[in-house]
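[1] I need the structure of the sequence given here:
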Amino acid sequence: MKKTIKNDYIPRLKKLYKEVILPQLMKKLNYKNIHQVPKLEKVVISMSVNEAKENIKALDIAMEELSMITGQKPKICRAKKAISNFKIKKGMPIGLKVTLRGDRMYEFIDRLIYIALPKIKDFHGISPDGFDGRGNYNLGITEQYIFPEVSVEKSDRVRGMNITIVTSAKTDQEAKELLSLFGFPFRKN
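    Coordinates of the predicted model:
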């Protein structure tokens with residue numbers, strides 16, 4: 001007979017959302033129902049691994065780094081068609097992708113905002129222009145070394161990544177309000 005372990009752990013940002021952000025947004029946006037209030041749905045992290053066409057071990061190193069950063073095994077993205085100018089054959093591995101939901105999503109965003117982003121040299125905030133028109137935010141990071149999980153000694157080269165934060169917000173303004181309350185450091189234009 002299996003014993004079930006009761007886990008009372010709730011991520012810090014999830015608790016903050018339920019206790020502080022949700023009531024503030026309801027009041028600010030004049031919503032009557034809590035289900036109308038925008039929330040985080042998922043975070044998609046993608047990383048290009050162009051050097052995998054010459055050195056397949058680069059894909060393994062990138063996969064290990066991305067899994068350390070996210071706490072989840074990445075999916076290998078393969079080329080859909082051959083492009084001779086870039087020496088890419090159909091089916092060749094060209095990138096990695098991870099989709100985070102639930103507690104892992106909140107933990108990743110917590111580490112991104114409060115640990116990783118402040119480590120960027122000459123950081124003055126993230127661009128408020130990364131919204132896509134439907135309430136989702138895209139953020140590009142030039143190097144994976146800002147995350148404390150990645151070891152510079154074990155890594156073979158600097159890799160960038162794209163982070164897409166998908167929200168249930170209807171407009172970019174609602175999404176920006178939500179992300180600002182979470183603590184995203186938007187630059188003043």
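[2] now the helices: where do they sit in this structure?
    Using DSSP state H, the helices found in the chain span residues 12-16, 22-29, 56-70, 102-111, 172-182.
[3] how far away is the residue nearest the centre of the chain from residue 142?
    Centroid-nearest residue in the chain: residue 163, 4.0 Å away (criterion: Cα atoms, centre = their mean). Residue 163 sits at a distance of 12 Å from residue 142 (criterion: Cβ to Cβ, to the nearest Å). In short, each C-beta sits where N, CA and C put it, glycine included.
[4] residues in contact with the residue lying closest to the residue nearest to the centre of the chain once chain neighbours are set aside?
    The shortest distance from residue 163 to any non-neighbouring residue, by Cβ to Cβ, 6 or more residues apart in numbering, is to residue 139 (4.6 Å). Residue 139 is in contact with 126, 130, 162-165, counting by Cβ atoms under 8 Å, 6 or more residues apart in numbering.
[5] which one of those residues is nearest residue 19?
    Residue 19 has its nearest neighbour among the contacts of residue 139 in residue 165, at 20.8 Å by Cβ to Cβ.
[6] and the closest residue to residue 105 other than its chain neighbours, how many neighbours?
    Residue nearest to residue 105 in three dimensions, not counting chain neighbours: residue 43, with 4.9 Å by Cβ to Cβ, 6+ apart. Here the count is done by other Cβ atoms under 10 Å, and residue 43 has 22 residues near it.
[7] Identify the bridge partners of residue 43.
    residue 100, residue 165 (DSSP bridges).
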